[in-house]
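In: Provide a 3D model corresponding to the input given below.
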Amino acid sequence: MTGSQSGRVLIVAGSDSGGGAGIQADLKTVTCLGGYGASAITALTAQNTMGVFAVEAVPPAFVRRQIDLVIDDIGADCIKTGMLASAEIIAAVADSLDRVPDVPLVLDPVMVAKGGAALLDPAAVDTLIRRLLPRAHVLTPNLPEAEALLGRPIPDAAAMEIAARDLLRFGSRAVLLKGGHLDGDDLIDLLADADGVRVFSGRRLPGTSTHGTGCTLASAIATGLAQGLDLVASVERGRAYVRRAIETAPGLGHGHGPLNHGHTVAAF
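Out: Okay, the predicted model is just below:
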């Protein structure tokens, strides 16, 4: 099947042993939205819905070899990055992406797990900003990630709009700043690009089944771009997909549970 028929998405991210986030959530999302998912794993994590208990990074040269082999054989219509763990891995990923400058990159700047565990060496943030942000078609930070990139708090919706515009200065073509960490039941995400800022609004859903929402949304957007949708349509479909995945979550685990990625699949 060619990329124009299904959309080939190469995911470069860490593994989640609990299956709710990371590579596992990414590949489920791509598949359930009709795309073809390939992967380059950057780190192994020992985790469940209660938290991340251990992380083992993959050697940077091996990360690059995974990427290069997939691109050389299968190809990619879009690349999505998630957990990159270290400056050395970021540099290896950037070197590989330099070979395919025309393939759009969805960059999810994964820094901290929902339970608080660090997923990116703080010393690597500068490398992320220098090597990958200028390459991104769209950057998809949540508020804590945006605060880390900008070095300042983002306390409210007004500050979000300023932050979204300021994040564009790092060089990405667009920024989707996600507002789920703000207080209140009314939620907004902001999509900023050279043409201005578009607001996506919604209501907060009850429950704790929110593990992997950021990974899932970024991969849904990447799938849309790989399938030929424009960015706004990819974001709209991705947000609707994530919302339904939360609404129909299976209720697994004792902490922040996983989503129902398979809600698009007809029952057997």
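In: show me where the stretch 51-200 of the chain has strands.
Out: For the stretch 51-200 of the chain, applying DSSP state E, counting those that start in this stretch gives strands covering 51-57, 78-81, 105-107, 138-139, 174-178, 186-193, 196-203.
In: where along the chain do the helices fall?
Out: Ranges of helices in the chain, per DSSP state H, are 3-6, 22-32, 60-73, 87-97, 125-127, 143-150, 157-167, 213-226, 231-247.
In: related to what we said a few turns ago, out of the strands of the stretch 51-200 of the chain, nearest to residue 96?
Out: strand 78-81 (9.1 Å; Cβ to Cβ). Where C-beta positions appear, they are placed from N, C-alpha and C, glycine not excepted.
In: what residues sit buried inside stretch 260-268?
Out: Going by neighbour count (16 or more other Cβ atoms under 10 Å), the buried part of stretch 260-268 is 260-261.
In: quick one: residue 194 from residue 136, how far?
Out: Going from residue 194 to residue 136 by Cβ to Cβ, to the nearest Å gives 14 Å.
In: need the residues touching each of the two.
Out: Overlap of the contact sets of residue 194 and residue 136 (by Cβ atoms under 8 Å, 6 or more residues apart in numbering) consists of residue 173.
In: the more surrounded of these two?
Out: A direct count of neighbours by other Cβ atoms under 10 Å for residue 194 and residue 136 places residue 136 higher, at 23 against 7.
In: okay but that one is in contact with residue 109, surely?
Out: No. The pair residue 136 / residue 109 is not scored as a contact, 9.2 Å apart, by Cβ atoms under 8 Å.
In: so how many other residues sit close to residue 92?
Out: Look at residue 92: counted by other Cβ under 10 Å, it has 27 neighbours.
In: leaving out sequence neighbours, find the closest residue to residue 56.
Out: Spatial nearest neighbour of residue 56, excluding adjacent residues (Cβ to Cβ, 6 or more residues apart in numbering): residue 44 at 4.6 Å.
In: what bridges to that neighbour?
Out: Counting by DSSP bridges, residue 44 forms beta bridges with residue 15, residue 56.
In: now do residue 38
Out: Following DSSP bridges, residue 38 is listed with bridge partners residue 10.
In: against residue 209, how distant is it?
Out: Separation of residue 38 from residue 209 (Cβ to Cβ): 27 Å.
In: okay, these two: which has more neighbours?
Out: Taking other Cβ under 10 Å, residue 38 and residue 209 do not tie; residue 209 has more neighbours (24 against 21).
In: rewinding a little: wait, which of the strands of the stretch 51-200 of the chain is closest to residue 261?
Out: With Cβ to Cβ as the criterion, residue 261 lies closest to strand 78-81 of these, at 14.9 Å.
In: name every strand pairing with that closest one and say which way it goes.
Out: Neighbouring strands of strand 78-81 in its sheet, by DSSP bridges, are strand 8-16 (parallel), strand 105-107 (parallel).
In: now do the longest one, average pLDDT.
Out: When you say that, I think you mean strand 8-16. Mean per-residue pLDDT for strand 8-16: 98.
In: also stretch 139-146?
Out: 95.
In: in contact with residue 144, which residues?
Out: 111-112, 181.
In: try 10 Å this time
Out: Residues in contact with residue 144 (Cβ atoms under 10 Å, 6 or more residues apart in numbering) are 111-112, 153-154, 181.
In: can you flag the buried ones in those?
Out: Among these, those classed as buried by 16+ other Cβ under 10 Å are 111, 154.
In: using TSV, lay out the contacts of residue 144 together with pLDDT.
Out: As requested, those are exported to TSV (pLDDT from 0 to 100):
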residue	pLDDT
111	84
112	72
153	95
154	94
181	80
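In: per-residue confidence at residue 267?
Out: At residue 267, the model reports a pLDDT of 63.
In: my error: substitute residue 180 in the last question.
Out: pLDDT for residue 180: 84.
In: how about residue 118?
Out: Residue 118 carries a pLDDT value of 67.
In: then residue 44?
Out: Residue 44 is assigned a pLDDT of 97 by the prediction.
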